[in-house]
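Trainee: give me coordinates for this.
(2 chains)
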Number of protein chains: 2
Amino acid sequence: MRRKASFPMTALADRPTVPSPASALVCRNCGAEYPLGAQHACFECFGPLEIGYDAAALARVTREQIEAGPHTLWRYAGLLPVGQSPATRVESNTGMTPLIRADRLADELGFTAPIWIKDDSANPTHSFKDRVVSVAITAARELGFERIACASTGNLANSVAAHAARIGMPSIVFIPSDLEPAKIIQTAVYGGTLVGIQGSYDDVNRLCSQLSEEDEFEKTGFVNVNIRPYYAEGSKTLGFEVAEQLGWRLPGQYVAPMASGSMLTKINKAFKELVTAGLVDSATWKVFGAQSAGCSPIATAFDAGVNDVTPVKPTGIAKSLNIGNPADGPYALDAVRASGGAMAAVGDDEIREGIRLLARTTGVFAETAGGVTIAVLRKLVEQGRIDTSVETVVFNTRDGLKTIDAISESGAPTAVIPPTLKGMREAGLL
Amino acid sequence: MRRKASFPMTALADRPTVPSPASALVCRNCGAEYPLGAQHACFECFGPLEIGYDAAALARVTREQIEAGPHTLWRYAGLLPVGQSPATRVESNTGMTPLIRADRLADELGFTAPIWIKDDSANPTHSFKDRVVSVAITAARELGFERIACASTGNLANSVAAHAARIGMPSIVFIPSDLEPAKIIQTAVYGGTLVGIQGSYDDVNRLCSQLSEEDEFEKTGFVNVNIRPYYAEGSKTLGFEVAEQLGWRLPGQYVAPMASGSMLTKINKAFKELVTAGLVDSATWKVFGAQSAGCSPIATAFDAGVNDVTPVKPTGIAKSLNIGNPADGPYALDAVRASGGAMAAVGDDEIREGIRLLARTTGVFAETAGGVTIAVLRKLVEQGRIDTSVETVVFNTRDGLKTIDAISESGAPTAVIPPTLKGMREAGLL
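Mentor: Purely as a prediction, here's the structure:
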């Protein structure tokens, strides 16, 4: 009699399809290495840690493997620190958002090369935060955490609470108690624990750092504190997707918004790792960073030619970018300068006009951060600091439905008339 | 010397991949047939027309053709009346929205079989209207229209304006002038012509019917008036996707919200056409319809056992379902009764609880229409009118960000505390 296979098929399905290519936690400041785990600062110099990879493991990943994967960011599991096993992977249908060719926008801005909009408003909670949270919660599971937490002023809170609800993991989200009611509703609806803190975002963040050291929070993963190195890697998938969607090649330029500065640097890291992995041909690209004038500490340091980012007190309508003391500011400066790119900042009226310009030329309705990015692109063109003959990818990272109030003055109909043909004629519409 | 190919490659790429399977416009009332074109009512009996198909053409479509297509609703071009040629196809990255297995929702409702949420909030303007508009604007192009128009109270206006902006086609959208400012902004941002009408939605609709007869509007396609038969077919892609995402099979039950009743009937039509095309095995399924108590003319007719739908004056928070005189009501009654399914209606408090139940068990934040559908599912279980041992698909057709105000009382944090460990302890969180 033929012997039955000795392993159950379900367990086989749960096995990692490829091993994790992550090899260590590496200090971005001094280069010290640590074993993989829930650690975010260097014991030597207190510098921030990031995930280091085994180049040989990256080189084993093929385009065919990726293309055979799910239509979500997990197709890139071979290039991420976690999520190789479908059993731990948190699948929230995040990623593989549209890359939209914006010919009419290119025409208006005087580009002779294509402009592409990477539209991350298509993620489940309508911001790129779903990427970092997908990877962070998967890491939390793999590292043995039993609860997920974050400090946030909006989009991150929303994404953490939604992901926790999706997989049935307890969550505890900390927000400033004076947040706009709409933002509180968007998080509270998922039913996790939501704690309003009487203080600023900095106060919330500091409390989370303290809590992560407490015994009662030993089994709690704070996505942007103790598992931040994993969390931040999620943004790389924006870069991976752009390359695949362009037919496995890199654009000559990209423009990204900056809050902490992390996302911009991770897209750059993604492009480098794609070259290391042999998934795209070696190439050069320029990196451009966008901030709002109400909170432009990184762009200000860029203009001043200095490496130190001086903290500011944020103002202005682009609230999702309002981080006055940006943790990754120096690394964003490095990435942009090393590439030969530039940074710029734009005021609230320019941001609103950026939202409208993108909407009417592409049908994409962006949150204020997207308005910042488009307005900065326009400003860079006017200043002659970006090459309009080079193919350019612009990152739209959040959905306009999140900040409708910011463009409330755009809300008037073209005409208001009685329901008659006569009314149409008198308004010149017939 | 070898002769050069006589056709340019670009023209080749624009050729239809498959011919259109549509054969005629068919009256849903008397069965009279008309040639394909911009006509929506029967000359014989004034009944509504729908697209008829050549069964042999449907049968030529294969799973492999579909799976090799784009990750959007256009993968089903072989089963749609238009869009076979990439040159006319309006590609807005609509469709292929997630089908989410909702095990924790199933547990709460006492289901022993799986419940799946078809989450259409993932479309570009975050409602299923992007499906009907994608197909309608493609039809408008193929039929030679040069401008697109609609009568709407919100989601449809939003989608039409966004699609027109995407392809650079002029648009004229008619709305009641007393619409909520947020809804006006969401449409106005795309820059098309937006006309506020001093009257009700019925007045707006009537004016659009009149305008479609005027010479000045000869080249204007009103998506839900003169090209409605094409428009309505877009909803079928919800059914096609469910079947493909289940591994080319049909669920035993589905629950869909009803406004005009059109979408529910088109999903049913899609399932039938999949069987005709041989893409799924012959099967039976039950259809369930959901309305809000504030506007339940179809569910009321169902309960009364009559075929005539008596118009009502809509009230309640589920505004996107508030069509008091539903055009497809009788056809929805037919579909549900013929299948052995049922209908129910739920009040505003139940709708809000439905939104929260879905959010906390799946991470999906639904608009009020989704709350209606989940609450009706729960009610049908309580009444013993739906079989909890049969696999069930529930359609969530719009995004919660569109109706945040409807659940504003859900917006309170679990606790509000000072930013200290002491504050955490006193709140019992540490």
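Trainee: got the residues of the stretch 151-300 of chain A near chain B?
Mentor: Residues of the stretch 151-300 of chain A lying close to chain B by Cβ under 8 Å from any Cβ of the partner chain are A:162-168, A:172, A:175, A:177, A:181-182, A:184-186, A:188-191, A:193-199, A:203-204, A:206-207, A:210-211, A:214, A:216-217. Yep, even glycine has a C-beta here, placed from its N, CA and C like the rest.
Trainee: does A:S171 really touch A:F145, like I thought?
Mentor: No: applying Cβ atoms under 8 Å as the test, A:S171 and A:F145 come out as separate, 11.1 Å apart.
Trainee: out of those two, which sits in the busier spot?
Mentor: A:S171 (25 against 22; other Cβ atoms under 10 Å in any protein chain shown).
Trainee: for that one, give me phi and psi.
Mentor: Dihedral pair for A:S171: phi -130, psi 150, per degrees, to the nearest 10.
Trainee: pretty sure A:I148 is touching A:V225, no?
Mentor: No: if you go by Cβ under 8 Å, A:I148 and A:V225 don't touch, sitting 11.4 Å apart.
Trainee: between the two, who's got more neighbours?
Mentor: Neighbours were counted for A:I148 and for A:V225 using other Cβ under 10 Å; A:I148 has more, 27 against 23.
Trainee: name the SS class of that one, please.
Mentor: strand (DSSP: H, G, I helix; E, B strand; the rest coil).
Trainee: list the contacts of A:G329.
Mentor: By Cβ atoms under 8 Å, 6 or more residues apart in numbering or on different chains, the residues touching A:G329 are A:M258, A:S260, A:G261, A:P297, A:I298, A:A301, A:V309.
Trainee: now it: how far from chain B?
Mentor: Taking Cβ to the nearest Cβ, to the nearest Å as the measure, A:G329 falls 24 Å from chain B.
Trainee: how about that residue: what's its closest non-neighbour residue?
Mentor: Nearest residue to A:G329, sequence neighbours excluded (Cβ to Cβ, 6 or more residues apart in numbering or on different chains): A:V309, at 3.6 Å.
Trainee: host element of the one you found?
Mentor: Counting by DSSP states H and E, no helix or strand carries A:V309.
Trainee: over to the one 3 residues further on?
Mentor: Using DSSP H and E, A:V312 sits within no helix or strand.
Trainee: burial measure for it, as a count.
Mentor: 16.
Trainee: any idea how far A:A157 lies from A:D178?
Mentor: Between A:A157 and A:D178 the distance is 14 Å, computed by Cβ to Cβ, to the nearest Å.
Trainee: quick check: A:S320 touching A:N155?
Mentor: Yes: assessed by Cβ under 8 Å, A:S320 is found in contact with A:N155 at 5.8 Å.
Trainee: can you list residues touching both of those two?
Mentor: Shared contacts of A:S320 and A:N155, counting by Cβ under 8 Å, 6+ apart, come down to A:S127, A:R398, A:K402.
Trainee: of the residues you listed, which are in range of chain B?
Mentor: Near chain B, by the rule Cβ under 8 Å from any Cβ, you find A:K402 out of the shared contacts of A:S320 and A:N155.
Trainee: picking up where we left off before, more neighbours: A:S320 and A:N155, which one.
Mentor: When neighbours are counted by other Cβ under 10 Å, A:S320 and A:N155 differ, and A:N155 comes out ahead with 27 against 24.
Trainee: name the nearest residue to that one, sequence neighbours excluded.
Mentor: A:S127 (4.2 Å).
Trainee: where does the one you found fall, phi/psi-wise?
Mentor: According to degrees, to the nearest 10, A:S127 has phi -150, psi 160.
Trainee: same deal with A:E50?
Mentor: Backbone phi and psi, for A:E50 under degrees, to the nearest 10, turn out to be phi -130, psi 170.
Trainee: what sits opposite it in the beta ladder?
Mentor: As for beta bridges, A:E50 partners with A:V26 under DSSP bridges.
Trainee: correct me, but it touches A:V26?
Mentor: Yes: counting by Cβ under 8 Å, A:E50 does reach A:V26; the two are 5.9 Å apart.
Trainee: so for the two, which sits in the more crowded spot?
Mentor: Neighbour count, other Cβ under 10 Å: between A:E50 and A:V26, A:E50 has more, with 23 against 19.
Trainee: any idea how far the residue most central in space within chain A is from A:V336?
Mentor: Nearest residue to the geometric centre of chain A (Cα atoms, centre = their mean): A:F128, 3.9 Å. Distance from A:F128 to A:V336, counting by Cβ to Cβ: 19 Å.
Trainee: quick one: buried residues of stretch A:398-416?
Mentor: Across stretch A:398-416, burial judged by 16 or more other Cβ atoms under 10 Å in any protein chain shown covers A:398-404, A:406-407, A:410-411, A:413-416.
Trainee: cool, thanks, talk later.
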